[in-house]
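In: Pasting a predicted model and its sequence here:
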Amino acid sequence: MGLSLERHTYSLMIVPAAVTVLLIIVFPLIYTLWMAVHEYSMGANAPPRFLGLANYVEAFRNQRFLEAIPRTLYFTVLGVLGPTIIGTAAALAFAREFPGRGLLRTVFSLPMMATPVSIALIWQMMFHPQLGVLNYFLSLIHVSPQLWVYSPRSVIATLSIVETWQWTPFVMLIVLGGLAVLPTEPYEAALIDGASRLQTIRYVTIPLVWPYIMTAILLRSIDALKAFDIIYVMTQGGPGTASETLNIFLYLQAFAFYNVGLSSAIVVIFFLILVAMSIGLLVTRQKTSWQ
């Protein structure tokens with residue numbers, strides 16, 4: 001009797017969680033898959049019309065969509081590479097004891113806590129060709145002014161600077177956590193062998209902390225691939241379509257052109273790209289584990 005009551009109570013407790021998951025995850029996913037095979041314009045009086053795979057075919061025939069894929073991957077690579085390198089270096093620096101380490105580590109972590117829209121607006125002012133402070137600093141060292149986000153050639157690289165500034169602390173904290181639990185025996189052996197600090201970092205620390213770096217790369221890759229708010233606030237996909245990533249293109253199709261069917265198909269394609277990339281990084285992460 002007691003066991004039956006306990007099982008009944010347990011079932012009642014998981015019902016709210018199950019319903020919540022169904023409403024916020026399962027239903028939108030099924031509805032998106034359904035809309036992806038229909039033609040529907042937001043605000044139209046006509047009901048959705050079944051098209052089969054026509055929306056997917058149209059997506060891969062759309063030149064802007066095809067151009068957005070490598071652009072998104074390019075932004076993702078830059079948005080992962082910068083924080084990973086700088087964040088790992090910062091973690092190695094902050095892992096050592098020195099006066100004011102706690103305060104400096106807190107200050108270094110502040111960009112991660114700021115809202116993306118405020119970050120975008122501040123950096124947009126700094127990148128202004130005439131009034132921005134960055135071009136003023138360049139003029140002090142006799143470097144010609146740059147167009148930054150106002151040039152199709154430099155906009156993606158410039159946006160990745162903002163992404164790096166905001167998310168480097170995230171990588172640093174993950175790597176710091178890894179450094180805190182590393183075994184001491186390899187370091188004792190390196191000390192006995194007379195290894196220098198740089199040799200110890202290269203041949204001992206980096207290999208041991210690599211699984212944590214891969215974890216940071218995995219999480220950063222997923223987040224950079226989905227980046228939207230900073231790009232949209234700073235450029236809206238411009239100049240022209242030079243910074244139009246998949247997320248920006250998807251947003252414009254859905255909420256500027258009201259093409260819900262095509263945008264739903266793009267969501268499915270985007271989701272599959274995200275899953276494939278995540279699986280690849282997870283497999284790599286498992287192969288780098290030293291435990």
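Out: Great, that's in hand. Numbers count the residues shown, from 1 in each chain.

In: now the end-to-end length of stretch 91-99.
Out: Using CA to CA, to the nearest Å, the end-to-end distance of stretch 91-99 comes out at 16 Å.

In: Any chance you could list what contacts that stretch?
Out: Residues outside stretch 91-99 that contact it (CB atoms under 8 Å, 6 or more residues apart in numbering): 101, 104-105, 108, 171-173, 175-176, 179-180, 201, 205. In this view, the C-beta of every residue, glycine as well, is placed from N, C-alpha and C.

In: Quick one: buried ones out of these?
Out: In these, burial by neighbour count holds for 105, 108, 171-173, 175-176, 179, 205, counting by 16 or more other CB atoms under 10 Å.

In: Farthest pair within those residues?
Out: Farthest-apart pair in those is 108 and 205; separation 19.4 Å (CB to CB).

In: circling back to that earlier point, tell me which of the buried ones among the contacts of stretch 91-99 is nearest to residue 45?
Out: Residue 45 lies nearest to residue 171 out of the buried ones among the contacts of stretch 91-99, by CB to CB, at 50.2 Å.

In: Any buried residues in the helix or strand where the closest one lies, and which?
Out: In this assignment (DSSP states H and E), residue 171 forms part of helix 155-180. Buried residues in helix 155-180, defined by neighbour count with 16+ other CB under 10 Å: 155-156, 158-176, 178-179.

In: Residue 153 should be in a helix, yeah?
Out: No. Per DSSP: H, G, I helix; E, B strand; the rest coil, residue 153 lies outside any helix segment and is coil.

In: Kindly provide the distance from it to residue 147.
Out: As judged by CB to CB, to the nearest Å, residue 153 and residue 147 stand 8 Å apart.

In: got it, and residue 46?
Out: Residue 46 is 45 Å from residue 147, where distance means CB to CB.

In: so residue 78 makes contact with residue 162?
Out: No. With contact defined as CB atoms under 8 Å, residue 78 does not count as touching residue 162 (10.7 Å).

In: For the stretch 51-200 of the chain, give me the ranges with low pLDDT.
Out: Along the stretch 51-200 of the chain, no part satisfies pLDDT under 70.
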